[in-house]
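Chemist: Structure for the following, please:
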Amino acid sequence: MRTFSNLSMTLAAAVLATASFGAKAADYTLDFGDNGKYLDICSAFSNGSGAAVGCTNGAYLLQSYGDVAGAVDVTYSAPRINDGRSLRWWAEDYNNLFGVAWADSGDLNSRARIELKPLSPGAGITLTSFDLGAYYRTTRGTTVNIYAIGGSTPLYTFTGDVGDAFIAPTSFAVNVQSDNGLWIEWQDSAFNVGIDHIQFSTAAGPVPEPASVALMLAGLVGMGAMVRRRG
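Modeler: Purely as a prediction, here's the structure:
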């Protein structure tokens, strides 16, 4: 007959395995619109703080949009302006995209940054792809650089035209990775060039809260005690 000690160890191992399950690789998409549906992913404040509100053209993106508890922190900024403001939202006419992020200023002096930061040590971020569209349903020049967070040498760079008039945005398949996370930057223009459909992954998905794991362990150990009494 299995002893209580051995059974408890088996149950504890099962709980740890369940907790570790959340650490598998996870894929995410930052989508700023949903097939014509206006999402509640904006803020009443320029820095993107506070509660979520429905987006309207020119509204600032909510800083918490895209965050995944215990896994990923997403931040939106306009480094050229450097006053803490978030990126802005626009519904249509960046080619055929619906819902894009863009930066204040103008075509000749604008930079947008989206930071993807892993919250688990060593988890890293892999950026797969994204789309850039040009307003008003046209073709515009831009420069794209992707950096490891805090880095000065791009892991990926592009300078050229994006957007195909009334039809399609330009899709970028970049497949770059950094253990520290990534900065996606585009500039001159980041005003009339907007981003959508950012696909990325991290090696650590959301994990159970410690209190939840403890509760599971206590419950399973209690079950083990019942089995022991019945034995």
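Chemist: what's the pLDDT at the residue nearest the centre of the chain?
Modeler: The residue lying closest to the centre of the chain (Cα atoms, centre = their mean) is residue 66, at 4.5 Å. Looking at residue 66, its pLDDT stands at 98.
Chemist: Identify the residue nearest it in space, chain neighbours excluded?
Modeler: residue 74 (3.6 Å; Cβ to Cβ, 6 or more residues apart in numbering). For the C-beta atoms, the positions are set from N, CA and C on the backbone; glycine is no exception.
Chemist: Now for residue 36: which residues touch it?
Modeler: For residue 36, the contact set (Cβ atoms under 8 Å, 6 or more residues apart in numbering) comprises residue 98.
Chemist: host element of residue 27?
Modeler: When elements are defined using DSSP states H and E, residue 27 is found to belong to strand 26-30.
Chemist: Return the distance of that strand from the chain's centre.
Modeler: Distance, stretch centre to chain centre, for strand 26-30: 7 Å (Cα atoms, centre = their mean, to the nearest Å).
Chemist: List the buried residues of it.
Modeler: Neighbour-count burial for strand 26-30, counted by 16 or more other Cβ atoms under 10 Å, picks out 26, 28, 30.
Chemist: Tell me how far the residue nearest to the centre of the chain lies from residue 39.
Modeler: As for residue 66, its distance to residue 39 is 12 Å (criterion: Cβ to Cβ, to the nearest Å).
Chemist: go on, residue 182?
Modeler: Between residue 182 and residue 39 the computed distance is 23 Å (Cβ to Cβ).
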